[in-house]
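Asker: Predicted model, plus sequence, below.
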Amino acid sequence: MATSSHRRSVRKRRTLVVSAAVVAAGVGAGVFVLNANAGAADLYHQTLAAKDGWASYGSGTTGGAKADAAHTFTVSTRAQLVKALGSVSDKTPRIIKIKGTVDANTNDAGKKLGCADYASGTGYSLTSYLKAYDPATYGRKKLPAGTQEKARAAAQVKQAKNIVFKVPANTTIVGVPGTKAGITGGSLQIQNVDNVIVRNLTLSATEDCFPQWDPTDGSTGNWNSQYDSVTLRGATHVWADHNTFTDAPHFDTSNPKYYGREYQIHDGALDITKGSDLVTVSRNVFTCHDKTMLIGASDTDSTGKLRVSIHHNVWKGVVQRAPLARLGQVHIYNNYYDITALNGYTPQYSINARAKAQVVAENNYWKVPAGTKLSKLLSSDGTGSVKSSGNLVNGTYTDLVSLYNAAASKDLKATVNWVPALTAGLESTAKNLPTALTSTTGADVLK
């Protein structure tokens, strides 16, 4: 009998050594794959670790880890990103490495585009729009309709075709370390697909050139915009990790007012809606944004879905929705909330549990300025639940639910109907989070 080769066993031993080293180091960001060229962890093939939040449930989240060479891309421009994404119906595993910053507001030749370019040929004019729907003459009982509203909608469609990137199933999108990787002005749309990973990107300046006026929104009306930096609609098994979400460089304080209301050009940062399910949001930085994370688009969004884990994120200069949760089972743990006003963004609340949401919030840390009403860290409509434990406010254990209920007209329920089991990496105390998360979250941290 011929003697068998030992090469395969040596490779196995090397893999085991790397795996053992990873475990010993306490790394829980994902499965590491040996890089044959460098002998180091391959960022682009990493997958979500077992039991790391809801996205690890069932088949887990592997993104494009099985991509072949023909479906592995490095992109630096909008046109290259569109080509790499391909058809949203193509489920072939793919890895997309973003090198540098992709500007969504460019054409296929790389020419910079502005709002005037999207409005061109539609007949839309902000001046004409404001004149047509002035509440003093148009009234406040119905949505805008007619020539200028049709023109606004047409211009918005033109912008969407340019800045919305539709992500197929089985895709990993990762920023190349050390290149300030990200997307500016764009919106990653993960809709009705399974198994997507988005990591190591700065997602900034996602702006709607053509907000719609809604005089029936609230007592005085509101301007409502489209486009989240990342939007999940009917998506499953999604892992968003080590990204930075920000409005920069255009902050809301620069927005003008029309009809006495802010002309809001920003929508969500990361919204999880329309029956999306099995999502893990880890080690991101959310900063300088208003309506940050929406889980469930309405009070009737979806029952039995919207299961989301949110851990080890930094929320700084965030006004609201950190997150706003409806209907689902949401685990919020080991996050750091700094609710000091930043660049004009003054926090209103952090966690909102409404529409029978079942939220477990444990071992999070809030840094609050002196004089802050701690009862306003939470919010609810009286039907949501938050099971709160181990949460620190300026280093002191605080019963957030009791404080909220003492000041609210409708109580927030303090018990939930489920027990989190997918809790890899859960830290038993929040006391070190302000220091530890400063250098381990957000884009361009992964190597």
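Answerer: In hand now; what should we look at?
Asker: Show me which parts of stretch 93-103 are buried, residue by residue.
Answerer: Under the neighbour-count criterion of 16 or more other CB atoms under 10 Å, stretch 93-103 has 93-99, 101-103 buried. Yep, even glycine has a C-beta here, placed from its N, CA and C like the rest.
Asker: ok, the residues you listed vs residue 138, which is closest?
Answerer: Ranked by distance to residue 138 (CB to CB), these are led by residue 103 at 36.5 Å.
Asker: wait, doesn't that closest one sit right on residue 184?
Answerer: Yes: counting by CB atoms under 8 Å, residue 184 is a contact partner of residue 103 at 5.5 Å.
Asker: Quick check: the farthest pair among the buried residues of stretch 93-103?
Answerer: 93 and 103 (27.0 Å).
Asker: how about the helices of the chain, start to end?
Answerer: 7-25, 78-85, 115-119, 126-132, 135-138, 147-163, 400-407, 433-436 (DSSP state H).
Asker: weakest of those helices in terms of mean pLDDT?
Answerer: Of all these, helix 7-25 carries the lowest average pLDDT, namely a mean of 35.
Asker: Stretch 248-263: end-to-end distance?
Answerer: Stretch 248-263 has an end-to-end distance of 17 Å (CA to CA, to the nearest Å).
Asker: what's the spacing between residue 109 and residue 78?
Answerer: 10 Å (CB to CB, to the nearest Å).
Asker: Show me which of the two is the more surrounded one.
Answerer: Shown here are residue 109 and residue 78; by other CB atoms under 10 Å, residue 78 has more neighbours (23 against 7).
Asker: Let me see the contact set for that one.
Answerer: Neighbour list for residue 78: 102-104, 106, 108, 110, 162, 186 [criterion: CB atoms under 8 Å, 6 or more residues apart in numbering].
Asker: Ok, residue 387 next?
Answerer: Neighbours of residue 387 in contact, by CB under 8 Å, 6+ apart: 359-362, 414-416.
Asker: need those residues in CSV with distance to residue 386 and pLDDT, can you?
Answerer: Rendered in CSV, the data for the contacts of residue 387 read as follows (distance: CB to CB, whole Å; pLDDT from 0 to 100):
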residue, distance to residue 386, pLDDT
359, 5, 98
360, 8, 98
361, 6, 98
362, 10, 98
414, 7, 98
415, 9, 97
416, 8, 98
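Asker: from these, which two are the most distant?
Answerer: 362 and 415 (13.6 Å).
Asker: the more surrounded of those two?
Answerer: Taking other CB under 10 Å, residue 362 and residue 415 do not tie; residue 362 has more neighbours (21 against 9).
Asker: What residues does the more buried one make contact with?
Answerer: Contacts for residue 362 (CB under 8 Å, 6+ apart) come out as 332-333, 387-391, 426.
Asker: If we use 7 Å, what do you get?
Answerer: The neighbours of residue 362, taking CB atoms under 7 Å, 6 or more residues apart in numbering as the test, are 333, 389-391.
Asker: before we move on, what about residue 348?
Answerer: 319-320.
Asker: With the one 3 residues further on instead?
Answerer: With contacts defined as CB under 7 Å, 6+ apart, residue 351 is in contact with 322-323, 332, 359, 361, 378, 386.
Asker: separation between the residue found closest to residue 114 once you drop the neighbours it is linked to in the chain and residue 111?
Answerer: Once flanking residues are discounted, residue 114 sits nearest to residue 105: 7.0 Å by CB to CB, 6 or more residues apart in numbering. According to CB to CB, residue 105 and residue 111 sit 10 Å apart.
Asker: Likewise for residue 244?
Answerer: 27 Å.
Asker: Give me the more crowded residue out of the two.
Answerer: residue 244 (24 against 9).
Asker: quick one: contacts for the more buried one?
Answerer: 202-203, 284-285, 442-443.
Asker: Which one of those residues sits in the busiest neighbourhood?
Answerer: For these, neighbours tallied by other CB under 10 Å; top is residue 284, 29 neighbours.
Asker: Okay, and the beta partners of the residue most central in space within the chain?
Answerer: Central residue of the chain (CA atoms, centre = their mean): residue 270, 2.6 Å from the mean position. Beta-bridge partners for residue 270, by DSSP bridges, are residue 230.
Asker: likewise residue 97?
Answerer: residue 74, residue 174.
Asker: Identify the residues contacting it.
Answerer: By CB under 7 Å, 6+ apart, the residues touching residue 97 are 44, 73-74, 174, 176.
Asker: can you list the weak-confidence ranges in the stretch 201-350 of the chain?
Answerer: Nowhere does the stretch 201-350 of the chain drop to pLDDT under 70.
Asker: ok so, going back, going through the contacts of residue 97, which ones are buried?
Answerer: The buried subset of the contacts of residue 97 - by 16+ other CB under 10 Å - is 44, 73, 174, 176.
Asker: before we move on, back to that, among the contacts of residue 97, which one lies nearest to residue 410?
Answerer: Nearest to residue 410 among the contacts of residue 97, with distances taken as CB to CB, is residue 174, at 43.2 Å.
Asker: Test my guess that that closest one contacts residue 42.
Answerer: No: under the criterion of CB atoms under 7 Å, residue 174 makes no contact with residue 42, lying 10.4 Å away.
Asker: The contacts of residue 362 in strands, which ones?
Answerer: Those of the contacts of residue 362 mapping onto strands are 333, 389, per DSSP state E.
Asker: Drop anything exposed from the contacts of residue 362.
Answerer: Counted by 16+ other CB under 10 Å, these give 333, 390-391 as buried.
Asker: Please tabulate those residues in a markdown table, including the columns distance to residue 207.
Answerer: Output for these, formatted as a markdown table (distance: CB to CB, whole Å):
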| residue | distance to residue 207 |
| --- | --- |
| 333 | 32 |
| 390 | 38 |
| 391 | 34 |
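Asker: Closest to residue 89 out of those residues?
Answerer: residue 333 (36.0 Å).
Asker: contacting residues around the closest one?
Answerer: The contact partners of residue 333, taken as CB under 7 Å, 6+ apart, are 311, 362-364, 426.
Asker: how close does it get to residue 389?
Answerer: Taking CB to CB, one finds residue 333 at 10 Å from residue 389.
Asker: Quick one: end-to-end length of stretch 371-390, please.
Answerer: Stretch 371-390: ends 22 Å apart by CA to CA.
Asker: quick one on the thing from earlier: just the ones of the contacts of residue 387 in strands?
Answerer: Using DSSP E, the subset of these located in strands is 359-362.
Asker: out of the residues you listed, which is most surrounded?
Answerer: Neighbour counts for the ones in strands among the contacts of residue 387 (other CB under 10 Å) peak at residue 359, which has 28 neighbours.
Asker: Would you mind giving the contacts of residue 387 as a markdown table with distance to residue 227 added?
Answerer: Output for those, formatted as a markdown table (distance: CB to CB, whole Å):
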| residue | distance to residue 227 |
| --- | --- |
| 359 | 27 |
| 360 | 30 |
| 361 | 29 |
| 362 | 33 |
| 414 | 36 |
| 415 | 37 |
| 416 | 33 |
